[in-house]
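In: Task: produce atomic coordinates for the following.
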Amino acid sequence: MAFSSRAVVAVASVALLVAALASTAAAEGNPVEYTESYYDNTCPNAQNIVRSVMERSVAANPRMAPAILRLFFHDCFVNGCDGSLLLDSTDSTESEKEEKANASLAGFDVIDAIKSELERSCPATVSCADVLALASRDAVAMLGGPSWGVLLGRKDSRFVTKNATEELPDPRNGHLDVLLGVFREHGLDERDLTALSGAHTVGKAHSCDNFEGRIDGGEGYDDIDPSYAAELRRTCQRPDNCEEAGVPFDERTPMKFDTLYYQDLLFKRGLLATDQALYTPGSWAGELVLTYSRNQEAFFADFARAMVKMGNIRPDPWTPTEVRIKCSMGISKSFFVASLSLLLAVLASTGEGSHQPVVMPVAMELSAKYYRKTCPNVQNAVRTVMEHRLDMAPAVLRLFFHDCFVNGCDASVLLNRTDTMESEKDAEPANTSLAGFDVIDEIKSVLEHDCPATVSCADILALASRDAVALLGGPRWSVPLGRMDSRQASKAAAEDANNLPNPNSDLGELLRVFETHGLDARDFTALSGAHTVGKAHSCDNYRDRVYGDHNIDPSFAALRRRSCEQGRGEAPFDEQTPMRFDNKYYQDLLHRRGLLTSDQELYTHGGEVTSELVELYAKSRKAFFADFARAMVKMGEIRPPEWIPVEVRLNCGMVNN
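Out: Now for the predicted structure:
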């Protein structure tokens, strides 16, 4: 029996979905060995992304660096470094966050922000457990501490661990042997204990309950400096202040990763009983405290080694794991219900006589790194073709404008006419002189060879427009990617003056058209600067201006009239440098030499807004380039309506069969 290609895809999708369902129901085995290069191929920029978000977060709130480090400790000491601490409560499980020992934890939003960035670049690739390990390393380094190579490859637990805090050290128990026993249960020795405790050189305690017995005559009271105990008692008389402001573990440099924590222990000024217990005379820990208090290099080396060792604590082999898409929740049943619903829709569309495409949702957010994994050479491929077709650069730029202003940037302008669909290319008068379609087809052909069925025609048009501007001497910008291609075109929409501006429109009409597309007066003025390159191809576009507009330089009007009378309708928008992207267009407007009414209106009737911008851009190419690049990104994010069916077209001139 022969199957249609769509049916084959549907059957394959069923198999894939069943396999996915099965894989989430069973526990995954842990990787045999973690490695620093784990994401080199699948998410090469992972560490840079983590560091970048950490830098922004710590700059906004310095407390986040110690908070992230504490999160890593509390995660690893409960069934291994598996990200279980990050899970929120559900109807059936209570989060580890809710337990008393974890109540003052913070920094969850920072981990969520990092994960969100990674999901945009490398979807479903980097585990939350690995995010936490990398963020902790960066937190220490940002506070002035050591850095180290983080071993990667952890998976995220699908479940929280009950009675989680039973595995955490009790800060009120000052018996060194008990504390060491907790660490040994996790494969950590006395040197690891002493070095890792040095994390208390930064951060604060947020509850007097953790040390109240130590300062009020309880166990350990004889092992604390009396003046320090008195200070702490005064602080704890205002418990609300203690909870909000916190009490620093290292009172002298609470936000610098150094050795003063160990020096405090020598003078009996350790905040917690578990801190002071390290300096037990005659113990190995005591000797290490002395060493670290005098030798920062020794402390940093042992701390880095111990962090790697702690980060290697594995969850129990029976723990079901995954790479969570969102750190606060497991991949839920709803994901598979949604997937199954979509799959059923695909299956339904394969029925005999059914030719309706599934309406796919438009991507929520575009990203410059969208094709990093699936087609890493996409930008080079586009640029190479554009370099060889530089004569078509203004035409390609114009295509992008005419596409985005009709139902969003969805490549509908590239579709050919069929028996059942009119083409936007035939829209009069706006699109009949469009060119450059063959350039886009050439780029698409190259990409289909390199990355079949991957890069959308809409994204090609966005990239080619950017390269057209840059190759003509204009600015270059980062193009957000991830657009999809429409499966339908609308000639009527392309002929609607509310979508595409009319070259004879006045300023008020022009601004209304741009505002309809979410673009303001600054965007309008900057984007009009695209007319610093290219030509008008018919006298009809400027006849009214050169024959009836009195606000025009007489010699310029006479020149254009002679061209029209001689049947030479082509005329450059910028007569000085028509193939160079510069600011001469705006200088022409100052001298009433704008070719179209819609050009000259920017300056003649622009008032305090567009007229002042014309003057600014005429003087400052830098200001024009900056605003043009920003406005191009903004225009490129105009989305098609949600009801429009989309796909990645294999041929930019026609929808997929």
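
In: any idea where the strands of this protein begin and end?
Out: Along the chain, counting by DSSP state E, strands occupy 156-157, 204-205, 247-248, 321-322, 485-486, 535-536, 571-572, 646-647.

In: what comes into contact with the second one?
Out: Read it as strand 204-205. With Cβ atoms under 8 Å, 6 or more residues apart in numbering as the contact definition, strand 204-205 has outside contacts at 66, 171, 211, 245-249, 254, 271-272. Where C-beta positions appear, they are placed from N, C-alpha and C, glycine not excepted.

In: which of those sit farthest apart?
Out: Largest separation among these by Cβ to Cβ: Pro171 and Ala245, giving 18.4 Å.

In: which one of these two has more residues nearby?
Out: Between Pro171 and Ala245, Pro171 has the larger neighbour count (other Cβ atoms under 10 Å), namely 19 against 12.

In: for that one, what are its contacts?
Out: For Pro171, the contact set (Cβ under 8 Å, 6+ apart) comprises 205, 210-211, 272-274.

In: Can you pull out the low-pLDDT segments for the chain?
Out: For the chain, applying pLDDT under 70 flags the ranges 1-32, 162-166, 217-221, 239-245, 331-364.

In: Taking the centroid of it, which residue is nearest it?
Out: The centroid of the chain falls nearest to Glu117 when counting by Cα atoms, centre = their mean (3.8 Å).

In: dump the residue contacts of it.
Out: 49, 52-53.

In: Spell out for me the ChimeraX command that would select the buried members of the residues you listed.
Out: Burial among the contacts of Glu117 is assessed by 16 or more other Cβ atoms under 10 Å; the matching ChimeraX selection reads:
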select :49,53
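
In: Make TSV from the contacts of Glu117 and add distance to Pro320 to it.
Out: Listed next are the contacts of Glu117 as TSV, based on distance: Cβ to Cβ, whole Å:
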residue	distance to Pro320
Ile49	27
Ser52	32
Val53	28
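
In: Now do the domain split for this structure, please.
Out: 45-164, 167-308, 388-495, 507-637 (the TED database).

In: And the residue nearest to the centre of the chain, how far from Tyr39?
Out: The gap separating Glu117 from Tyr39 is 14 Å, by Cβ to Cβ, to the nearest Å.

In: Isn't Lys535 up against Gly569?
Out: No - with contact defined as Cβ atoms under 8 Å, Lys535 and Gly569 do not form a contacting pair (9.4 Å).

In: shouldn't Val648 be in contact with Thr454?
Out: Yes - shown here, Val648 and Thr454 form a contact pair, counting by Cβ under 8 Å, at 6.7 Å.

In: who touches the nearest residue to Asn295 once chain neighbours are set aside in this structure?
Out: If the residues on either side of it in the chain are set aside, Asn295 comes closest to Thr259, at 7.7 Å by Cβ to Cβ, 6 or more residues apart in numbering. Residues counted as contacts of Thr259 (Cβ under 8 Å, 6+ apart) are 198, 201, 292-296, 299.

In: Buried only: go through these for me.
Out: Buried by 16+ other Cβ under 10 Å: 198, 201, 292-293, 296, 299, out of the contacts of Thr259.
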